[in-house]
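Undergrad: Take a look and give me a structure for this.
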Amino acid sequence: MALLGSGRALISRTRLLILGSLALTWYLAFLAPPYQHAVQIEVSSRISEARRRLVGPLTEFNGSKVALLIEPRPLPHLVPLTMHMVAVVPPDWTFVFIGSPWSVYNVGRSPAVRHQQALGKMTLTTLPKPWAMKTREDVYRLLTDMRFYDEFLPGAEWVFKYEHDCILCANSPWSLDDWLDWSWAGAARSDKDEFPGAGGLTLRRVSAVRRVLGFQSRLNDSEPEDEWFGKRLSAMPGEKVAAEPRSPFAVRDILTERPMGYQVQADGPRVEPGLWKRREVRRKTLEYCPELSMLMDMKLERERCPDDDMGGGRTGQEVWTAVERVGKQQQPRQAAEGGGV
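TA: Model prediction:
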């Protein structure tokens, strides 16, 4: 009898579970149609997000377009500068960073940079011996050697070279691809400059560079590589050079309205005073290209000296704040009172 009772109890529990599951199924089936569209949207958004995070194929990028940064120093702003360039440069461009072991480690430890490496968009590398990059002359020799393009930039037709003190502006109406028809585009040094020879921020057509290197070699310890290329490219027939001093490609020493980028020539706490000492120029430029603050050693307005002339200098006048003036007046009074004792 006990076995029979336990069997009936087991059957009853089984029936209850079956009935409960059927009821739940019918309930969900009844609720499903009203929420079907919302569920589809949620699932689609999650699938799209997962696809966005997946590593894409290397064929997404154009190996003939290379953005190049050569920097042996482990500067703290290299990662944010590089990631900003990745965001502003057209998406099919690839990036090559050539540095010392220290600078490569400094850049390569960033998760954002590692993600770009996994996508195949960015390459970090050091120079094997006998190549060197400790001095500017080393870099000049590097960029005027045909072997450098064969070994480090194979297949590249356009090289966008930028340095640690250069940046592109996200607000610019110009795109880097707008200049692909030119053999060389850069910033001018003066109004009389017939060639935009400032090589810090330049777009170079590798076939034109190879054409120059095919018939002439640069002498070591001579003029900078950008000037050396400039004299030859500007005289060669068939080469298209952006020779306008106020070209909207980039600004270094000559102001241009809404340029694509800037080179601030900032090697330390000071920038070029001839261009940046005017307060109105700084204000308008930073409103247009706020990314420049990434490169400049800036201070808050409240950190100014009382006699700041707003042009990078000081007036030399006695300028007192209210607290300082009160304190100055009290000092003679306290001295007089102390002397009478």
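Undergrad: residue ranges with poor pLDDT in the stretch 201-341 of the chain?
TA: 243-245, 266-274, 300, 309-314, 316-341 (pLDDT under 70).
Undergrad: And the helices in it, which stretches?
TA: 206-213, 225-233, 273-276, 279-288, 322-339 (DSSP state H, counting those that start in this stretch).
Undergrad: what about the longest strand in this protein?
TA: In the chain, with assignment by DSSP state E, the single longest strand is strand 198-205.
Undergrad: mind checking how far that strand is from the chain centre?
TA: 16 Å (Cα atoms, centre = their mean, to the nearest Å).
Undergrad: by how many degrees do that strand and helix 225-233 diverge?
TA: 50 degrees (axes from the mean of the first three to the mean of the last three Cα atoms, to 10 degrees).
Undergrad: Check which helices and strands strand 198-205 sits against.
TA: For strand 198-205, the packing partners by 3 or more Cβ pairs under 8 Å, 6 or more residues apart in numbering; DSSP states H and E come out as strand 158-162, strand 184-187, helix 225-233, strand 250-251, strand 261-263. Where you see a C-beta, it was placed from the backbone N, CA and C, and this is true even at glycine.
Undergrad: Turn these into TSV, columns for mean neighbour count and distance to Gly63.
TA: Listed next are the helices and strands packed on strand 198-205 as TSV, based on neighbours: other Cβ atoms under 10 Å; distance: least, Cβ to Cβ, whole Å:
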stretch	mean neighbour count	distance to Gly63
strand 158-162	21	11
strand 184-187	28	21
helix 225-233	21	23
strand 250-251	28	24
strand 261-263	25	23
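Undergrad: Present these as CSV; the columns should include distance to Met296.
TA: Listed next are the helices and strands packed on strand 198-205 as CSV, based on distance: least, Cβ to Cβ, whole Å:
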stretch, distance to Met296
strand 158-162, 16
strand 184-187, 17
helix 225-233, 23
strand 250-251, 14
strand 261-263, 10
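Undergrad: Of those, which is nearest Arg109?
TA: strand 158-162 (21.3 Å; Cβ to Cβ).
Undergrad: Can you give the strand pairings for that closest one, parallel or anti for each?
TA: Strand 158-162 has the following strand partners under DSSP bridges: strand 65-70 (parallel), strand 198-205 (antiparallel).
Undergrad: so of these, which one's packed in deepest?
TA: Of all the strands paired with strand 158-162, strand 198-205 carries the top mean neighbour count, a mean of 24, counting by mean count of other Cβ atoms under 10 Å.
Undergrad: Let me see the mean pLDDT of stretch 71-82.
TA: The pLDDT scores in stretch 71-82 average 96.
Undergrad: element containing Thr125?
TA: strand 122-126 (DSSP states H and E).
Undergrad: continuing past that strand, what's the next helix or strand?
TA: helix 136-143.
Undergrad: following that following helix, which helix or strand shows up next?
TA: Sequence order places helix 146-152 as the next helix or strand after helix 136-143, per DSSP H and E.
Undergrad: in that next one, what's buried?
TA: 148-149, 152 (16 or more other Cβ atoms under 10 Å).
Undergrad: In this structure Tyr140 contacts Pro224, no?
TA: Yes - with contacts counted by Cβ atoms under 8 Å, Tyr140 reaches Pro224, the gap being 5.9 Å.
Undergrad: More neighbours: which of those two?
TA: Taking Tyr140 and Pro224 together and counting by other Cβ atoms under 10 Å, Tyr140 has the greater number of neighbours (21 against 18).
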